[in-house]
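Q: Got a sequence here, can you model it:
(2 chains)
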Amino acid sequence: MFDAGQVLDALQAVKDPEIPALSIVELGLVARLEVDGDAVRVALTPTFAGCPAVAVMRAEAERQLRALGAAEVVVEITFDPPWDSDRISDEGRRKLKAFGLAPPWRHNGAADLLQLLVADCPYCGSGDTRLESAFGPTLCRAIYYCDTCRQSFEQFKPV
Amino acid sequence: MEDTTALKTLLFQLADDELIIGHRDAEWTGHGPILEADIAFSSMAQDELGHAQVYYGLLHDLGETEPDRLAFLRAAADFRCAHLVELPNGDWAFSSVRQFLYDAAETVRLAALAGSSFAPLAQAARKFAGEEKYHLLHGRTWMQQLGQAGGESRVRLQAALDQAYPYALGLFEPTDAEAALAARGLKPPEAELQGHWEALTRPVLAEAGLTPPKAAPVYGGRRGQHTPHLAALLADMQLVFRSDPEASW
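A: Prediction:
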């Protein structure tokens, strides 16, 4: 017998392979969680449909839930609800910044492109930055330049 | 579930469009004129291949074979993509114009499919629409930059538009499934989608100083009739998988 808290603790150990400081719980990937006796069913909603890390995270989630002792484990991928960047927790945002990635602004459902043009430098905190490219080394990142400390940095894209 | 023929017809069009343009975009990887352009096309390719995989996954759930087999084992005549996506990349102007016209169509299509009566498709469309807005931003930016630069830039861009436009109209080729799709609330008629697409693209083209040509649409892709470019593309793309279809990767 497990409770939702134990399941979430197990899932907290599943990290984003491209941002290892961050767990799938902090990223807001956990859409649904059901415990029925010894059976655990989790639904993950991917950040981006083409994200290659999804398969890795799903396999790791299954592994962690079996390690918890669940007899029956189902981890499925869903777009209901679709992931959006507001699902990243406050702790997730702190960890992103510590990792050197500017967190996305909270858009409260109105994710318009003007928000893309605004990002604070995660290194020096300056707002004197500019968007270099809306695309980056992974689907979730945009590339910026800080005119204050003169470094490139990446932002987790608001979606 | 009732007869799924019309739904599968739609899903094959969506999946095949995304797979083939994803492949074309990936052909820019390592060849972009500047690093950011290279990254942009590579990233958009990844989005499109991800979308294709989801659509093929829906087809698999409806009884078709696995996504990899749908992508890598069908011949050109089985594909239902529009000719626009199978055309070679050409110069930067052509790729930018083709991508912009395609992404504008996808934006309009996803907005319509978000209301589809087939829930898994509606859910996927809502998800993809959030990603698609970055593609449209990219396309619009390049149209502005290249168009407003004038000179050789504007000349090449207009030539690219003249070439691509009839094929872009082919994205809205109606099929035999048209009436069933509309009647069941799966997708609105193509003529309606084309109208929204024209409303979306006209201002951007005008802003770039471009005039869309008066042209008849190039149809055939939705019926499995393709240019020789598709077979050549598939020979490339399917080579590795076909060398051992039972291998696990």
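Q: What residues does residue B:110 make contact with?
A: B:125-126, B:128-129, B:132 (CB atoms under 8 Å, 6 or more residues apart in numbering or on different chains). Where C-beta positions appear, they are placed from N, C-alpha and C, glycine not excepted.
Q: With chain A as the reference, measure out to it.
A: To chain A, residue B:110 is 12 Å away according to CB to the nearest CB, to the nearest Å.
Q: count of neighbours near residue 84?
A: In the absence of a named chain, chain A is used. Close neighbours of residue A:84, defined as other CB atoms under 10 Å in any protein chain shown, add up to 18.
Q: actually chain B
A: 24.
Q: ok, for it, nearest residue in space, not its chain neighbours?
A: Using CB to CB, 6 or more residues apart in numbering or on different chains and skipping residues adjacent in sequence, the residue nearest residue B:84 is residue B:167, 4.0 Å away.
Q: what about that neighbour, distance to chain A?
A: 25 Å.
Q: and the residue in chain B positioned nearest to chain A, what does it touch?
A: Nearest residue of chain B to chain A: residue B:50, at 2.2 Å (CB to the nearest CB). With contact taken as CB under 8 Å, 6+ apart, residue B:50 is in contact with A:48-51, A:139.
Q: So for the longest helix along chain A, mean pLDDT?
A: As assigned by DSSP state H, the longest helix anywhere in chain A is helix A:53-68. Mean per-residue pLDDT for helix A:53-68: 95.
Q: OK, contacts around the residue in chain A positioned nearest to chain B?
A: At 2.2 Å from chain B, residue A:50 is the closest residue in chain A, using CB to the nearest CB. Residue A:50 is in contact with A:139, B:46-51, B:53, counting by CB under 8 Å, 6+ apart.
Q: which residue sits closest to it, ignoring its sequence neighbours?
A: Residue A:50 sits nearest to residue B:50 (CB to CB, 6+ apart), 2.2 Å away.
Q: Which parts of chain B are helices?
A: Going by DSSP H, chain B shows helices at B:5-26, B:35-61, B:67-72, B:83-86, B:92-113, B:119-148, B:151-169, B:178-183, B:190-207, B:228-237, B:239-243.
Q: so which of the contacts of residue B:110 is the most crowded?
A: Of the contacts of residue B:110, with other CB under 10 Å as the count, residue B:128 tops at 28 neighbours.
Q: which ones are touching that residue?
A: By CB under 8 Å, 6+ apart, the contact set of residue B:128 is A:49, B:47, B:51, B:54, B:106, B:110.
Q: unless I'm mixing things up, the fifth one is touching residue B:132, no?
A: Read it as residue B:106. Yes - assessed by CB atoms under 8 Å, residue B:106 is found in contact with residue B:132 at 5.7 Å.
Q: Sketch out the low-pLDDT regions of chain B for me.
A: B:1 (pLDDT under 70).
Q: average pLDDT for stretch A:151-159?
A: Computed over stretch A:151-159, the average pLDDT equals 93.
Q: So which bits of it are buried?
A: Buried residues in stretch A:151-159, counting neighbours by 16 or more other CB atoms under 10 Å in any protein chain shown, are found at A:153-159.
Q: Export the residues you listed as JSON lines, with columns for secondary structure and distance to residue B:11.
A: Output for the buried residues of stretch A:151-159, formatted as JSON lines (DSSP: H, G, I helix; E, B strand; the rest coil; distance: CB to CB, whole Å):
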{"residue": "A:153", "secondary structure": "strand", "distance to residue B:11": "40"}
{"residue": "A:154", "secondary structure": "strand", "distance to residue B:11": "35"}
{"residue": "A:155", "secondary structure": "strand", "distance to residue B:11": "34"}
{"residue": "A:156", "secondary structure": "strand", "distance to residue B:11": "31"}
{"residue": "A:157", "secondary structure": "coil", "distance to residue B:11": "28"}
{"residue": "A:158", "secondary structure": "coil", "distance to residue B:11": "30"}
{"residue": "A:159", "secondary structure": "coil", "distance to residue B:11": "24"}
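Q: Max pairwise distance over those: which two?
A: A:153 and A:159 (18.5 Å; CB to CB).
Q: got the residues of chain B near chain A?
A: Neighbours of chain A within chain B, by CB under 8 Å from any CB of the partner chain: B:36, B:39-40, B:42-44, B:46-51, B:53-54, B:119-120, B:123-124, B:126-128, B:130-131, B:133-134, B:137-138.
Q: Weed out the non-buried ones from the residues you listed.
A: By 16+ other CB under 10 Å, the residues of chain B next to chain A give B:39-40, B:42-44, B:46-51, B:53-54, B:120, B:123-124, B:126-128, B:130-131, B:133-134, B:138 as buried.
Q: Domains of chain A: list them as residue ranges, please.
A: Following automatic domain parsing, chain A resolves into domains at A:4-77, A:96-156.
Q: If you average pLDDT over each of these, which is lowest?
A: Across the domains of chain A, domain A:96-156 gives the lowest mean pLDDT, at a mean of 90.
Q: what's the distance between that one and the middle of its chain?
A: Relative to its chain's centre, domain A:96-156 lies at 15 Å (CA atoms, centre = their mean, to the nearest Å).
Q: likewise stretch B:50-59?
A: For stretch B:50-59, the distance to the chain centre is 14 Å (CA atoms, centre = their mean).
Q: Which one of the contacts of residue A:50 is nearest to residue B:101?
A: Using CB to CB, the contacts of residue A:50 come closest to residue B:101 at residue B:48, 14.6 Å.
Q: Pretty sure residue B:25 is one of the things that closest one touches, is it not?
A: Yes - contact criterion CB under 8 Å: residue B:48 and residue B:25 qualify, at 6.5 Å.
Q: got the contact list for the residue with the largest distance to the centre of chain A?
A: When distances to the mean C-alpha position of chain A are computed (CA atoms, centre = their mean), the maximum falls on residue A:37, with 29.0 Å. By CB under 8 Å, 6+ apart, the contact list for residue A:37 reads residue A:1.
Q: Residue B:79 too?
A: Contacts were defined as CB under 8 Å, 6+ apart; by that measure residue B:79 touches B:12, B:16, B:20, B:221, B:224, B:226, B:230, B:234.
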